[in-house]
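Participant: any chance you can model this:
(chains A and B)
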Amino acid sequence: MFGYYVQLAFQSLRRNRVLTALMILAIAVGIGASMTTLTVMRILSGDPLPGRSAQIFYPQVDANPDVTSHGPYDLLDYRSAMDLWSAHRADRQALVAAGDVHLVAPHTDVPALKLSMLTTTADFFSMFNVPFQYGQPWGDAEDASRARVAVISDDLNNKLFAGANSVGRTIRLHDNDVRIIGVLKPWRPSPLFYDVGGGRFADGDTGDFYSKPQDVMVPFSTGQDINRNHFDIFTCYRLYDGKSNEQTSPCVWVRLWVQLGDASKVTAYRRFVADYAAQQKALGRIGRADDTRMMNLMQWLDFNHVVPGDVRLETWLALAFLIICLFNTVGLLLAKFLQRGPEIGVRRALGASRAAVFAQCLVESSVVGLLGGFGGWLLTLLGLWIVRRQPTAYADLVHLDLAMFLATLALSMAATLCAGILPAFRASRVTPALQLKTT
Amino acid sequence: MQIAPILAALRRHRLATMLIAMEIALACAVLCNACFLIVTRLDQIHILSGVDEASLGQIQVDCSNDCNEVDLNARLLSAIGQVPGVQSVSVINQVPFGEHAGTVGITLDPEGHKEGGVVDFYLGGPGSFKALGLTLLKGSVPAAGDYQALDGFAPANASVWVTAELAEHLWPGEDPMGHEFWVDKFHYRVAGVLQHLVRPNGGEGGPSTRGWSVFVPAVPGKGLSGNYLVRAQPDQLQRVLRDARDAAVKAAPEAVLDREQSRSVGDLRKSYSEQDVAMTGILVGVIGALLLVTALGIVGLASFWVAQRRRQIGVRRALGATRRDILHYFQTENFLIVSMGVAVGMVLAYGLNLWLMQSYELPRLPVYYLPVGVVALWLLGQLAVLAPALRAAAVPPVVATRT
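Facilitator: The predicted model follows:
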């Protein structure tokens, strides 16, 4: 029966080509627009560390010596970060700070580069599942000995050494020789979660959270030797001249990420951070001890509204657009089914039940949905191609995967089935006698 | 044209009428708000900078470790100044649409309790005020004695020039001349009011704070070096900047030239508004597609109705109705449906705007957008219905006699 209905559907669609084309086009455009934005949304709001993110936490202590009401700063001051990290109370813990350096690669013809350098501690690589192409990360010993070692990105390795195994070679960072001990595989977390912060103040302009990871990574302690006082400062609570010792400056510029395996460890670490703040308050170094926080990774991303305002707006716009397209489709399907009133009348008179007529109409709607979905898929590819040409940091991340392709077809079918219900219902209420009389 | 028979006919197609009216209502709501978003974006793209953009450019070098900043300034000012076509070169910490380098929170009392907001300090060396081409509303151009040495990030006690916008925010309705504000212990006194000077980029607080700038005359040296404001004839600016970049690299081989930032203010503005331009393009695309889909819906339904009513049209024609009467019938019918749609649509547009205001801090939709949207949809409806209505008018009276 189903096969017969499908056959009938195609026949009926062929009969009024203009109307059919209009319906399919309307659905395709609506689906194309919504799937384009939904795909971008899915990529931007995804979990950068699937399976691990619930164990990753971001402790915050308010470094301000005054009593304030705005909550802790998004980053830590050097002292607090160092104290919390050195205690090694978490399963894994990593300090993170970044700053610009000058990089020269001796024995290559690449001119001097100015780029952002990440300084962190050994656990960073295991905690965040960072993939290595050549060599390996440094360990606790290198952190402790302020070793002059570096891990570089796949991009930089291609640029400087044409992709060859560069482990053991030397680069100069701010006139210091640093030995490469590891080269990453292409690694492109979305967003660049360990660097997210300040999203509350960005006014929705958060595209830069999706930048590429830094190209050079060295131990935190080494960074303090070779690039001292040149790290990016988040903000200062007292005047700071931007030149003198950052470690004692009234500024926040260090992040601490910790991994905590289970709920009891989380509770214990929360207490540890609170106790630390209480102790520091007692020492008079900070103003508030009752406002420490520790969000997990996804909470932290939410708190920073990582998905850019423009993208959210586009998604709403596309969904509104899809609804308009569906209203359109309902109207056109209604026209189409009622046009066939006489034919339906004959079928009813010959014994077809209302349910059978209803089912036949729905099959016809879903055929329209399938064709519209296919057109929508093509338009989604076009839409994503346009997104990739946008001047945003996340442009290179955008692509359509199999799941989203299937979702496109499913959404299109579901949408047209919904759109088909009302017209199909109306068609099934056609009274046979009346229709037969007028033909 | 009598409306009663049309309404009677529409009542027999309540569902289809309602669907098309709802589609138009939604289209109206989205159309009005999308147009408003476009205009807001265009305002941001075309924001007034307050400086002579066409004649200005920036050369920015980054001197890595502990270089002698006084010496660096001297070498670069002289090297860039010798480039043919340079009208003036001066030291400044930032330019409009470049990287921000002087964002700071100010207070209106020395104790730091009364917050004035987050503003941007333009620290400019001698010559920079004139080179920027700022328009003075009050006070006079900074005198030689106004240029103070930096004590850390800024002069500790200085005369400053604020924008009218910032003055109105800090001291509403008052004459700002002589008013004071503080950054921690640093103290500033207003010595002049600028008509306009835009902050380098967005900054905290959204679009309403874009004009919160302060010009602070400062002596270049420690803390103020590496960033140079170049002025040249607009038609020579690109060539001059190219030569100036080469001159800077030659004069300070130990420093790294920031090529992204060392461009004309016009080019910096272009990169700065790239995303807004892209978003405007997307919005225009959506509006176009939206109007197209709505028109297609009207064409589809009107065609169906014409086909369904062929016999009735034939009867009317046979009874003496002219082609024009038939044409007008369908046009009026469309007008009525669209009118129903936009009546609901205006309410929806307003509701959608309220929601946008809450979630995206958008301003209120100006009322005149509604009638413009209504007229646009009326026109769209008439355009879409024209082809089916002409087809209806072409139905010959003889159809009435056929069964």
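
Participant: where along the chain do the helices fall?
Facilitator: As the question left the chain open, I've gone with chain A. Under the criterion DSSP state H, chain A contains helices at A:2-15, A:17-44, A:78-86, A:123-127, A:140-145, A:154-161, A:220-226, A:263-282, A:297-303, A:309-339, A:341-349, A:354-388, A:402-428, A:432-438.

Participant: nope, chain B please
Facilitator: Using DSSP H, helices in chain B cover B:4-11, B:14-45, B:69-81, B:128-132, B:164-170, B:237-251, B:265-272, B:274-308, B:310-318, B:323-360, B:369-393.

Participant: give the buried residues for stretch A:407-416.
Facilitator: Neighbour counts using 16 or more other Cβ atoms under 10 Å in any protein chain shown place A:407-409, A:411-413, A:415-416 of stretch A:407-416 among the buried residues. (Glycine included, C-beta is placed from N, CA and C.)

Participant: repeat for stretch A:348-358
Facilitator: A:348, A:352, A:357-358.

Participant: next one: stretch B:126-146
Facilitator: B:126-129, B:131-132, B:134, B:138-139, B:142, B:146.

Participant: give me the contacts around it.
Facilitator: B:50-52, B:55-56, B:87-92, B:124, B:147, B:158-159, B:161, B:164, B:175-177, B:190-197, B:215, B:217, B:219, B:229, B:231 (Cβ atoms under 8 Å, 6 or more residues apart in numbering or on different chains).

Participant: returning to what we had before: so can I have CSV of the buried residues of stretch A:407-416 showing distance to A:His305?
Facilitator: Formatted as CSV, those follow (distance: Cβ to Cβ, whole Å):
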residue, distance to A:His305
A:Ala407, 25
A:Thr408, 27
A:Leu409, 32
A:Leu411, 26
A:Ser412, 30
A:Met413, 33
A:Ala415, 29
A:Thr416, 34
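
Participant: out of those, which is nearest to chain B?
Facilitator: Of all those, A:Ala415 has the smallest distance to chain B: 13.6 Å, by Cβ to the nearest Cβ.

Participant: now that closest one, nearest residue through space, not along the chain?
Facilitator: A:Leu326 (5.7 Å; Cβ to Cβ, 6 or more residues apart in numbering or on different chains).

Participant: for A:Leu417, see how far away the one you found is.
Facilitator: 11 Å (Cβ to Cβ, to the nearest Å).

Participant: which of the two has more neighbours?
Facilitator: A:Leu326 (21 against 16; other Cβ atoms under 10 Å in any protein chain shown).

Participant: excluding chain neighbours, what is closest to A:Thr380?
Facilitator: Ranked by Cβ to Cβ, 6+ apart and with sequence neighbours excluded, the top spatial neighbour of A:Thr380 is A:Met35, at 4.3 Å.

Participant: okay, the buried residues of stretch A:348-358 in JSON lines with pLDDT and distance to A:Ser53 next?
Facilitator: Formatted as JSON lines, the buried residues of stretch A:348-358 follow (pLDDT from 0 to 100; distance: Cβ to Cβ, whole Å):
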{"residue": "A:Arg348", "pLDDT": "86", "distance to A:Ser53": "58"}
{"residue": "A:Ala352", "pLDDT": "86", "distance to A:Ser53": "55"}
{"residue": "A:Val357", "pLDDT": "89", "distance to A:Ser53": "51"}
{"residue": "A:Phe358", "pLDDT": "91", "distance to A:Ser53": "46"}
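
Participant: could I get these as JSON lines with distance to B:Ala349?
Facilitator: Below are the buried residues of stretch A:348-358 laid out as JSON lines (distance: Cβ to Cβ, whole Å):
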{"residue": "A:Arg348", "distance to B:Ala349": "43"}
{"residue": "A:Ala352", "distance to B:Ala349": "45"}
{"residue": "A:Val357", "distance to B:Ala349": "39"}
{"residue": "A:Phe358", "distance to B:Ala349": "36"}
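
Participant: between those, which sits nearest A:Ala289?
Facilitator: Of all these, A:Ala289 sits closest to A:Phe358, with 67.6 Å by Cβ to Cβ.

Participant: who are the contact partners of the residue lying closest to that closest one once chain neighbours are set aside?
Facilitator: Nearest residue to A:Phe358, sequence neighbours excluded (Cβ to Cβ, 6+ apart): A:Ser428, at 4.2 Å. Neighbouring residues of A:Ser428 by Cβ under 8 Å, 6+ apart: A:344, A:354-355, A:357-358, A:361.

Participant: most widely separated two among those?
Facilitator: A:Ile344 and A:Ala355 (13.1 Å).

Participant: pick the one among the buried residues of stretch A:348-358 closest to chain B.
Facilitator: A:Phe358 (16.0 Å).

Participant: pretty sure that closest one contacts A:Leu422?
Facilitator: No: applying Cβ atoms under 8 Å, one finds A:Phe358 not in contact with A:Leu422, separated by 11.1 Å.

Participant: before we move on, the earlier item: what sits against the residue nearest to A:Thr380?
Facilitator: Contacts of A:Met35 by Cβ under 8 Å, 6+ apart are A:376-377, A:380, A:383, A:404, A:407-408, A:411.

Participant: need those residues in CSV (columns: pLDDT).
Facilitator: CSV is the format used below for the contacts of A:Met35 (pLDDT from 0 to 100):
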residue, pLDDT
A:Gly376, 91
A:Trp377, 92
A:Thr380, 92
A:Gly383, 90
A:Met404, 87
A:Ala407, 87
A:Thr408, 87
A:Leu411, 87
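
Participant: so can I have TSV of those residues showing distance to A:Ala112?
Facilitator: Output for those, formatted as TSV (distance: Cβ to Cβ, whole Å):
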residue	distance to A:Ala112
A:Gly376	49
A:Trp377	47
A:Thr380	43
A:Gly383	40
A:Met404	42
A:Ala407	47
A:Thr408	47
A:Leu411	51
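
Participant: wait, isn't B:Pro363 in contact with B:Met357?
Facilitator: Yes: with contacts counted by Cβ under 8 Å, B:Pro363 reaches B:Met357, the gap being 7.3 Å.

Participant: and B:Pro366, backbone torsions?
Facilitator: phi -60, psi 140 (degrees, to the nearest 10).
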